[in-house]
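J.: Only the shape, not the letters, is given here:
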């Protein structure tokens, strides 16, 4: 354990701070949880600035448009800390930079890396994910969307669901069934689909939050070059699992939890009921403290896992628990915030007296969606017990998978 | 809903009270959770007195030695309330009166009822239960103890476990496999075995509580008349399930929970840490209140289920939840009591400063045993979902059962 | 002695559910509340004919003259279909306030119209349990000043029942069109109920119920009746959420089998039922105790509302999880029950507060 | 920057576990503690040779001069085998008190003998966090009066470390055989640790550590180090309980298959791991923060001990459930871990108390 901040790092921290001070005006406002709109010009410019200074795409090689720094966990932590402290935008997030790019780095051809990484990290190309299907749900290997070979192309028919940002995405990375004869898991390929291709119909999918954070995407005779397959044909399942690992990290990022917790603390110091501040209620305070312990635990757990990853160590069961634990904490933070607001905690839709733009009710529901999404909590527990602890699969699923 | 206490019932309550006042001296002291010793002369005499006055074996027909009153829930409630209030012994408890007798009333031959009910409710015949086996555990249908026909007898070989009071029991009611060719469930019979029969070896089974509340019973060529089978041969599984229903009621009786809760409240009003009474700690008090709500809910739930039973209505899923909910509440009551005592909460084995004879640590562990025993919580949930909610069995177990 | 619902109560439940299944299925509820939160689309009149609006109104005033336990049965059925009605405000809280505090003349004036569903009364009771934003209503020379937030069943209300003073020591009925009264809609997660903020600026009072300064008993009874109705609402909504989850689990296939055959899913369903069923008995008893004005009534009401709020939150969450991603969609409708339970939890005192009240009633928090 | 254990720390863990697996398997622990709670059967000397007794003793005094994080690693390994040792009292709390408050002469006098395992020190610290039964120790003319309950690692102790005064403002070392001192054994659920009540009746003091009245910093540091050791103990015991449960579930057959293939059992195991692993990182960080005397150290220690106490209780309970009836038997041994975690939870401040301390440290509970 060495968390010491040597002179080098202290001066790095100073650098970050002075960057943030100097550029405070240029940073776009930080919005709710997840940006669902097309990136603004402000954001694109900010992203460029971040990459240029190594505060985004930091470890992505220069040849692909990144900053090209060697992985340095401590610097990454310092950047996180300082940006969080300043409450300033971390730049582009979303499925391009967070999910596709790491996957391409691992599995993409040189051409694909050269072609896609740069615009993706700069926000010029916006990506959406085409994994889930109405009939597949937690059983991702059950993807039914067919891609049939036709000359140099695939012709794709099927339906995707839960595709965030699909309505303003340029591209989709998707799982499609290219080898109908192969087994459930071996018949899938990972393919990149331009969203402007004829035959793609995007329909917004409303959720319980009242917002359309997701879409359904209908694909009818969509023609895509075979060259757009990432990795080998039939390897889609394996590759998608790489991406899902990144998604899991993204979904449960402890930095987001810390942000929520800070918001909750501020709320509790402000909100009063019958003249008593919420933070002065022993019961509410105790719930806050229990959550704080969990958030701290996940924060250091993330650091531990990152260290392990940098060292190339396998994390075992420990590396599989972040999503399960993190989404639950997020949901509980929101639940406490709602209780702190008491009767006013139910206000929504921009109502008067609503706190923080309705963020807490949104988070309460959205985090429940996250508990379910990207593999329900039950699937996560299957994975932890089977892959992490080596427990046997259920006899039934073993034969059918 | 009619809980009104008409004049008839008010006068009945007066009767009970005056009985308790008049006989306070004769009542044996109420001990820990479950009496594990042979019933004392005091207790036997007290039990006689209770039956005579209709405060025990109240609804058991006179011809079998009971009091023979018509079922009257309100009187039963009044008796419960008054005995609890006075903190006086309810007389004989245990597997004879609570489990065997109801089973005999439902499934026994006239001769069996005549022969066994009277001494069982009077405590002259003490019973133990012979269901569980080391290899069977939660899978009761997996009973391996064999009973082979030999003339008018069965010759029994096998091993039973978790038999409370076996070391001083006169009789055991047991599940044995009489039809080895039949399916797992159809091959069992319910049989009554005198514990003095040659070939029975009782060994105490120590548990985590430090006490030997249970025994292992080894049966080697134990010869029992075929006439001792209750109901039909091969019907043991069905009959045992009747008994288990009674056991479940017994294990999770809300009256016991109320007793524990009262003890906890008294403890919290007395126990001080750093000069503050436990009941004055908002956090401990809130936990107490949460548990109180659960105990009250189970209390009225029991009344609802008893009403349904008296009316001959099927309780559905609701009738299956008492054990699951009750044992958990019991465990949580003990957990809170331990926290109330703080560092002193770990004292045990008669140590100085130990509270209430170590009752709370005992209850904490014993109630965990109850959560596991008589079908683990997991088995209870299977039963609730399958029998109560009509959800499908797992494909695997369906084929093998 | 008989612990459970009477045949009449079971019939009431059946009648209501049948009516609601036919006339107010979730598809219809969606349409109505999309227009305006709490919009009952005229169904309140029909429900009044079924005796729901006047359920607590004495027969002499044209009501059904039933008990709070009956009202709980009705509330449970209304929640079963997430029906948007002014049941809580008009049929329960206002009716109880009027029968408890109102003079004979006042009862004769208001109750018959409540029973027909003609008169709809919103209730401004939030500040009795949780005062925020400097809200609260006070009297000056017979007129009202101040504001009240989260006024219940404000949609379509022609009158408002307003507890006045720090502890609601007086009870005023105010015409929705009264001079000096402004009503501003507040939108919540749950569209099946309509809320508003009322601002009083020397607002006129239509009627003072009972003696001014002497309404505390009535206010207390009214709050407790409202809590029973809310707890029953949570019960009905949770019960339905479980039913929907079990049904969904029996149809949806994943990994080659219905998900209801997976132990994890079955156990989630079993846990929901194991939580809910005992709570049902607690609620029944609390309603019964309140009907009989038993000594333990207030304690039982506090426990019932607090306990159902806690387990209801878990149940609707678990039911959503059983549905997987589909449960998160708007289209599936499950969220109507989810949100209704979420709302009920917060009204007329959250669980922490009610438990503290239960402690007070037992003389526990003396420190 | 490297978040995790160093190779040396991993080696320490391996060495200790290997030694304990061979020399102090659970069968041997059972025998030893059946004789007397906390009886280490002479193994403490061997462990001292492995560097455990002097883990926090500076090298100049014959110790290993390691950090509190190293001590946490050792504590975790000791708990893995429920080893009965005076690690908490002697190797952690007394060593920290001596290195923090002791003069050079005092350090030279006591530390070398602690490092060899020759000197074993019980700690009378209960009253610093929870005063009951009018316990507490005060000074009069250089002698001690009063009593202390739940004195840690009393079995085999030749000396006792006694915080004196309301807040432990002075630190006394008392010879176990001192005139005026009575030691009465107390028995707990956990036989792997030995507790006692000490009664002081004008008892002689062998040594006052540091200045009288000026020991508060040392006492605070000692308590926090003790809490880290306890949290690490919970971690190690819980980890082992999970391992035993997973192993058992992989062998035991019910309904024709190993129970570890049932989703319910698998999910119980998954939940245990999902709780424990993040807590491990929290503990490491807290130990590290305490080593560096970082600003956030006390906060992290409070959270680590409180959080591990909460999840540890659930984990050992769940592990027992996974074992079914067998887990409830004495013979299966699982209860040694169950009880150890149950004990650790209550010592040096229960979770509620530690969370309140965490709130205080953040300036939250100002009311």
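T.: Yep, that arrived. This is a predicted model, so every value here is computed, not measured.

J.: pLDDT of the helix or strand hosting residue A:85, averaged?
T.: Using DSSP states H and E, residue A:85 maps to helix A:73-86. On average, the pLDDT along helix A:73-86 is 81.

J.: Give the other helices and strands that that helix contacts.
T.: Packing contacts for helix A:73-86, counted by 3 or more CB pairs under 8 Å, 6 or more residues apart in numbering or on different chains; DSSP states H and E, involve helix A:7-22, helix A:254-270, helix A:282-310. C-beta: built from backbone N, CA, C; applies to glycine.

J.: Nearest approach to chain B belongs to which of these?
T.: Nearest to chain B, of all those, is helix A:282-310, at 4.0 Å by CB to the nearest CB.

J.: what distance separates that closest one from the middle of the whole chain?
T.: Offset of helix A:282-310 from its chain centre (CA atoms, centre = their mean, to the nearest Å): 19 Å.

J.: Kindly calculate the angle that whatever helix or strand comes next after that helix makes with helix A:254-270.
T.: On the C-terminal side of helix A:282-310, the closest following helix or strand by DSSP H and E is helix A:322-341. Here helix A:322-341 points in a direction 10 degrees away from that of helix A:254-270 (axes from the mean of the first three to the mean of the last three CA atoms, to 10 degrees).

J.: Spell out whether helix A:322-341 and chain B are in contact.
T.: No. Figure legend: helix A:322-341 not in contact with chain B (CB under 8 Å from any CB of the partner chain); closest approach 12.9 Å.

J.: From the contact counts, what lies against that helix?
T.: So helix A:322-341, by 3+ CB pairs under 8 Å, 6+ apart, packs with helix A:236-251, helix A:254-270, helix A:282-310, helix A:359-372, helix A:377-383, helix C:334-346, helix D:263-291.

J.: Could you provide these in JSON lines, with additional columns for distance to chain B?
T.: As requested, those are exported to JSON lines (distance: least, CB to the nearest CB, whole Å):
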{"stretch": "helix A:236-251", "distance to chain B": "24"}
{"stretch": "helix A:254-270", "distance to chain B": "16"}
{"stretch": "helix A:282-310", "distance to chain B": "4"}
{"stretch": "helix A:359-372", "distance to chain B": "20"}
{"stretch": "helix A:377-383", "distance to chain B": "14"}
{"stretch": "helix C:334-346", "distance to chain B": "14"}
{"stretch": "helix D:263-291", "distance to chain B": "4"}
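
J.: Deepest in the core, which of those is it.
T.: Most buried of these by mean neighbour count (mean count of other CB atoms under 10 Å in any protein chain shown) is helix C:334-346; its value is a mean of 27.

J.: got a list of contacts for the helix or strand just after that one?
T.: Next along the chain after helix C:334-346, taking DSSP H and E as the criterion, comes helix C:351-361. Here helix C:351-361 makes contact (CB atoms under 8 Å, 6 or more residues apart in numbering or on different chains) with A:281, A:283-284, A:339, B:282, B:285-286, B:289-290, B:292-293, C:129-130, C:227, C:298-299, C:302-303, C:305-307, C:309-310, C:345, C:349, C:365.

J.: Let's see that with 7 Å instead.
T.: A:283, B:285-286, B:289, C:129, C:298-299, C:302-303, C:305-306, C:309-310, C:365 (CB atoms under 7 Å, 6 or more residues apart in numbering or on different chains).

J.: now swap in stretch C:283-296 and tell me
T.: B:1, B:3, B:300, C:67-69, C:72, C:224-225, C:228, C:231-232, C:235, C:297, C:300-301, C:304, C:308.

J.: Return the subset of those lying in strands.
T.: Judged by DSSP state E, strands contain none of the contacts of stretch C:283-296.

J.: Also within reach of chain A: list those from those.
T.: With the criterion set as CB under 7 Å from any CB of the partner chain, no member of the contacts of stretch C:283-296 is near chain A.

J.: Please indicate which of those residues are buried?
T.: Buried members of the contacts of stretch C:283-296, scored by 16 or more other CB atoms under 10 Å in any protein chain shown, are B:1, B:3, B:300, C:67-69, C:72, C:224-225, C:228, C:231-232, C:235, C:297, C:300-301, C:304, C:308.

J.: Of the residues you listed, which belong to helices?
T.: B:300, C:68-69, C:72, C:224-225, C:228, C:231-232, C:235, C:297, C:300-301, C:304, C:308 (DSSP state H).

J.: Lowest-confidence one in those residues?
T.: For those, the least confident entry is residue B:300, with 93.

J.: I'd like the distance between that one and chain C.
T.: 4 Å (CB to the nearest CB, to the nearest Å).

J.: Please list all residues in contact with the closest residue to that residue other than its chain neighbours.
T.: Distances taken as CB to CB, 6 or more residues apart in numbering or on different chains put residue C:281 closest to residue B:300, at 3.7 Å, once the chain neighbours are dropped. Counting by CB under 7 Å, 6+ apart, residue C:281 makes contact with B:297, B:300-301, B:303-304.

J.: Outline the domain layout of chain C.
T.: C:7-115, C:121-209, C:216-361 (automatic domain parsing).

J.: check whether the first one contacts chain B.
T.: Yes. Under the criterion of CB under 7 Å from any CB, chain B is reached by domain C:7-115 at residue C:69.

J.: got a pLDDT number for the residue nearest to residue B:300?
T.: 96.

J.: ok, now the one 10 residues further on?
T.: Among the per-residue scores, residue C:291 holds a pLDDT of 95.

J.: chain center to stretch A:217-237: distance?
T.: 22 Å.

J.: can you check stretch C:176-194 too?
T.: With CA atoms, centre = their mean as the basis, stretch C:176-194 stands 16 Å off its chain's centre.

J.: what about that stretch, how long is it end to end?
T.: Taking CA to CA, to the nearest Å as the measure, stretch C:176-194 stretches 14 Å from start to finish.

J.: returning to that earlier point: deepest of the domains of chain C, which one?
T.: Using mean count of other CB under 10 Å, domain C:216-361 ranks as the most buried of those, with a mean of 24.

J.: Am I right that residue C:198 is in a helix?
T.: No. With DSSP: H, G, I helix; E, B strand; the rest coil as the criterion, residue C:198 is assigned strand and is not in a helix.

J.: Quick one: residues contacting it.
T.: C:124, C:147-148, C:151, C:160, C:181, C:183.

J.: Determine which two of those residues are furthest apart.
T.: C:147 and C:160 (12.1 Å; CB to CB).

J.: so which helix or strand takes in the spatially closest residue to residue C:58 that is not a sequence neighbour?
T.: Spatial nearest neighbour of residue C:58, excluding adjacent residues (CB to CB, 6+ apart): residue C:65 at 4.9 Å. Residue C:65 belongs to no helix or strand when assigned by DSSP H and E.

J.: Read off the pLDDT value for residue C:65.
T.: pLDDT, residue C:65: 96.

J.: That one contacts residue C:55, correct?
T.: No. Between residue C:65 and residue C:55 there is no contact under CB atoms under 7 Å: 8.6 Å.

J.: Contacts for the lowest-mean-pLDDT helix or strand in chain C next, please.
T.: Every helix and strand of chain C was ranked by mean pLDDT, DSSP states H and E. The lowest is strand C:253-254, at a mean of 88. If you take CB under 7 Å, 6+ apart as the criterion, strand C:253-254 is touched by A:137-139.

J.: Much appreciated, bye for now.
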